[in-house]
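A.B. asks: Compute the structure for the input listed below.
(chains A and B)
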Amino acid sequence: MEPKLTRRDFSEKLAFGSFWTAVGASVAGMLRLLKPAVMPEASTRVKLGHPDESPPGTERYFPEHNLFVFSEGAGIHAISAICPHLGCIVKQLPEGRFECPCHGSRFNAAGEVFAGPAPSGLPWIEIRRAPNGVLYADTAVTVPAGTQWSRA
Amino acid sequence: MAEAFKSFLVNLKRLPRTFWGSLRRRGEATSDRARSQAVFSNLFLHIHSVKTHKNSLKPSFTLGLGLLTTACLVILTVTGILLMVYYKPTTELAYASIKDIHFVVPTGRMIRNLHRWAAHGMVIGVFLHMARVFYTASYRPPREFNWFAGVALLALTLALSFTGYLLPWDQLAFWATTIGVNIASSPRELTDALGLTQYFDPGGLIKQLLLGANTVGSEALIRFHLLHVMVLPIMLFAILGVHFWRIRKDGGLSRPASADPPTDGEFFPKSETKTYGLMAVVRGKTPAVGRAPENTVNSWPHLFTAEMAVFMFATAVLLVLSLTLDAPLTEAANAAIPENPAKAPWYFLGLQELVSYSGFMGGIGVPMITLLGLLLIPYLDREKGDVGVWFSGPEGRRVAIQSVFYSSALVIGLLALVINFGWLREWYPDIPQLVITFVNPGTVFTIGFAAWSFWIMRRHDSTRMAAIALFTCFLVGYIILTYVGTVHRGPNWDFYWSQADWPAH
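C.D. replies: Reported below is the predicted structural model:
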């Protein structure tokens, strides 16, 4: 009976197979170079100052970090100004709402989307207090909407 | 000694002629035969066949569109290299170097304008060339793969445009790129809605690979520059080489059956004075088997003069445009304040209109479905007999016209609805994001076009008619969305009848 795969065919397949495996492994190894191990951006930590610098009823904007900080009686919270749709910077309107200039997403004062293409609300950012009493936020760390740093 | 010296002098005197002769290998190409041999034996000319079919030279058949696109590519390559002499791909210097090119470098403004206009010309050329090939059914076997390569070239042309857009590092560049890259990372919209992002985040990976960071910055500029001047051009020229090569290997440009003399009956009048015998048995179906003499002319001069005319026409048009209209340059990039409205180049504004409904479906889902549909046309429509006939005849012309009306009505109607009354979220504020992702004007267009195409397939019992319907819908949708995005979208992507109505700030 004729074998389905001759010895010669088998060696040829082996040769080609090992060649393409080697090529694939080399390419995969080189692709690894493209994914940055360290992000080159500036630190995502924002110093917000002592809580007394944000008395209740005030708000501040940190343009370098695209961060709104709102102070109320009970606590302080931070909302990112980066639109979750495609990354434009939202504007705050006088009545407290937010509006994105790129594709018209609209958010209420709590950052919830009520119109436009944004898939979610504006992210709320964690606020922590350093041992020296100064507040800071880290724009890379989001928290559920409604989370405040409590004055108590 | 004296003999050698004498022959040295003679050789020196003859040097220009002998060098020229060694270059050309044959004498002056004064006869058809000599010109044929010159085309055959010259590296640069031999991408042409020696003979060209008369139908391929008919301007009403090809419209010269492939050549126009190639002419734009040549101009882009030359002007691009010239721009690279002064351009500096760093965030600190890029904007200033473009200003230098525009205002200080001798002819810099002209070269930059030419590069800009040739880029626009190439995008238009690629689209029109694709439409010509489609409507003349030129993707039929054996040319299916060349259609495939052509769609790849379309994608590469758009990728080159997109990567080139960032390089001036002005406001428009920065924000259009931010938006574009976030579109590429919008699979997150889907993984977020499904709660999978922390385990599986293809969107974030694409973004990091493109930007080398999380935001558009110096790493992104270097990567886009590298893609624009090196990676994508190499890929483009490689595939373009295949594209040209396949034209020849697939038997020249497509042509209707009527362009050749009939193949049945007697090919050659028999001569009474000659005897005939079997000289050789030829295997396979070469163009010469079973055919009368081909309806061809010599490529030199007929094809070459036509090519030169198209190249000169393209250059003349681009020169006039470049002399009259400057390439724009806005303020330097500012990561804190988005340009309002932040518009991509016009050929992406249809896409931008789609992403204003859903980032993921508009920016990835619908374009991928469209690209896949385009790629598969020649494999799904394998009817025969209509190659080289515009619209495959009067029936196809009717289907195309009906499709124009149908798709215009669908797109304009839905746009009017969205612009006046909003979409699902405005009506049901608590609607889950997944519903909006999959049910938005972009997906409704796609489904409406597909449904129309299947209906035409049933009614006409023809895959070719279905393909004509779908392709026409795609073109009309692209044109209308691009028009609305370009003309009628203003600040906050709101609708305005004209730019004069934009609010002052």
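A.B. asks: what sits against residue 57?
C.D. replies: The chain I'm using is chain A. With contact taken as C-beta atoms under 8 Å, 6 or more residues apart in numbering or on different chains, A:Gly57 is in contact with A:71-73. Just so you know, the C-beta spots here come from the backbone N, C-alpha and C atoms, and that holds for glycine as well.
A.B. asks: should've been chain B
C.D. replies: Shown in contact with B:Leu57 (C-beta under 8 Å, 6+ apart): B:297, B:302-303, B:306.
A.B. asks: among those residues, who's most crowded?
C.D. replies: Compared across the contacts of B:Leu57, B:Leu303 has the highest neighbour count, 20 neighbours, by other C-beta atoms under 10 Å in any protein chain shown.
A.B. asks: can I assume it is in contact with B:Lys54?
C.D. replies: No: the criterion here is C-beta atoms under 8 Å, and B:Leu303 misses it with B:Lys54 at 10.6 Å.
A.B. asks: so how many other residues sit close to A:Ser54?
C.D. replies: Number of residues near A:Ser54 (other C-beta under 10 Å) recorded here: 20.
A.B. asks: Same check on B:Arg143?
C.D. replies: Neighbourhood size, B:Arg143 [other C-beta under 10 Å]: 23.
A.B. asks: swap in B:Leu371?
C.D. replies: B:Leu371 has 14 neighbouring residues, counting by other C-beta under 10 Å.
A.B. asks: In the contacts of A:Gly57, which residue is surrounded by the most others?
C.D. replies: Neighbour max across the contacts of A:Gly57 (other C-beta under 10 Å) = A:Ser71, 21 neighbours.
A.B. asks: give me every residue that touches it.
C.D. replies: So A:Ser71 contacts A:54-59 (C-beta under 8 Å, 6+ apart).
A.B. asks: For B:Trp300, which non-adjacent residue is closest in space?
C.D. replies: B:Arg35 (4.3 Å; C-beta to C-beta, 6 or more residues apart in numbering or on different chains).
A.B. asks: mean confidence score for the helix or strand hosting the one you found?
C.D. replies: Using DSSP states H and E, B:Arg35 sits within helix B:32-41. Per-region confidence: helix B:32-41 scores 84 on mean pLDDT.
A.B. asks: where in the stretch 201-350 of chain B is pLDDT low?
C.D. replies: Residue ranges of the stretch 201-350 of chain B with pLDDT under 70: B:261-271, B:276, B:279-293.
A.B. asks: Next, count neighbours for the residue in it that chain A sits nearest to.
C.D. replies: Nearest residue of the stretch 201-350 of chain B to chain A (C-beta to the nearest C-beta) works out as B:Asn340 at 3.8 Å. Counted with other C-beta under 10 Å, residues neighbouring B:Asn340 total 20.
A.B. asks: Pairing partners for the helix or strand just after the helix holding B:Arg35, with directions?
C.D. replies: Using DSSP H and E, the next helix or strand after helix B:32-41 towards the C-terminus is strand B:51-53. Sheet pairing of strand B:51-53 (DSSP bridges) gives strand B:296-298 (antiparallel).
A.B. asks: how far off helix B:32-41 does the next helix or strand after the partner strand point, in degrees?
C.D. replies: As assigned by DSSP H and E, the chain's next helix or strand after strand B:296-298 is helix B:304-324. Computed by axes from the mean of the first three to the mean of the last three C-alpha atoms, to 10 degrees, the angle separating helix B:304-324 from helix B:32-41 equals 60 degrees.
A.B. asks: ok, residues contacting helix B:304-324?
C.D. replies: Residues outside helix B:304-324 that contact it (C-beta under 8 Å, 6+ apart): B:48, B:57, B:64, B:67-68, B:71-72, B:74-75, B:110, B:113-114, B:116-118, B:121.
A.B. asks: In terms of helix, strand or coil, where does A:Val23 fall?
C.D. replies: helix (DSSP: H, G, I helix; E, B strand; the rest coil).
A.B. asks: Tell me the spacing between the closest residue to chain A within the stretch 51-200 of chain B and B:Arg425.
C.D. replies: The minimum distance from the stretch 51-200 of chain B to chain A, using C-beta to the nearest C-beta, falls at B:Asn182 (4.0 Å). The gap separating B:Asn182 from B:Arg425 is 19 Å, by C-beta to C-beta, to the nearest Å.
A.B. asks: more crowded one of the two?
C.D. replies: Neighbours were counted for B:Asn182 and for B:Arg425 using other C-beta under 10 Å; B:Asn182 has more, 25 against 21.
A.B. asks: Am I right that the more buried one is in a helix?
C.D. replies: Yes: B:Asn182 forms part of a helix when assessed by three-state DSSP.
A.B. asks: got a list of what it touches?
C.D. replies: Neighbouring residues of B:Asn182 by C-beta under 8 Å, 6+ apart: A:85-87, B:207, B:359.
A.B. asks: For the strand ranked longest in chain A, buried residues please.
C.D. replies: Taking DSSP state E as the criterion, chain A has its longest strand at strand A:135-143. Buried residues in strand A:135-143, counted by 16 or more other C-beta atoms under 10 Å in any protein chain shown: A:135, A:137-139.
A.B. asks: same deal with stretch B:218-231?
C.D. replies: Neighbour counts over stretch B:218-231 (16+ other C-beta under 10 Å) mark B:218-221, B:223-225, B:227-229 as buried.
A.B. asks: Ignoring the adjacent residues along the chain, who's closest to B:Pro429?
C.D. replies: Nearest one to B:Pro429, counting by C-beta to C-beta, 6+ apart, is A:Phe114 at 5.5 Å.
A.B. asks: can you confirm the one you found is in a helix?
C.D. replies: No: counting by three-state DSSP, A:Phe114 is not found in a helix; it is strand.
A.B. asks: Now do the helix holding B:Arg35: which elements does it pack against?
C.D. replies: Secondary-structure packing of helix B:32-41 (3 or more C-beta pairs under 8 Å, 6 or more residues apart in numbering or on different chains; DSSP states H and E): strand B:296-298.
A.B. asks: and the stretch 401-505 of chain B, which residues reach chain A?
C.D. replies: B:422, B:425-426, B:429, B:433, B:436-437, B:491-494 (C-beta under 8 Å from any C-beta of the partner chain).
A.B. asks: Weed out the non-buried ones from the residues you listed.
C.D. replies: Listed as buried from those are B:425, B:433, B:436-437, B:491-493; burial here means 16+ other C-beta under 10 Å.
A.B. asks: can you redo these as a markdown table with secondary structure and pLDDT?
C.D. replies: Output for these, formatted as a markdown table (DSSP: H, G, I helix; E, B strand; the rest coil; pLDDT from 0 to 100):
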| residue | secondary structure | pLDDT |
| --- | --- | --- |
| B:Arg425 | helix | 79 |
| B:Gln433 | helix | 80 |
| B:Ile436 | helix | 83 |
| B:Thr437 | helix | 83 |
| B:Pro491 | helix | 82 |
| B:Asn492 | helix | 80 |
| B:Trp493 | helix | 83 |
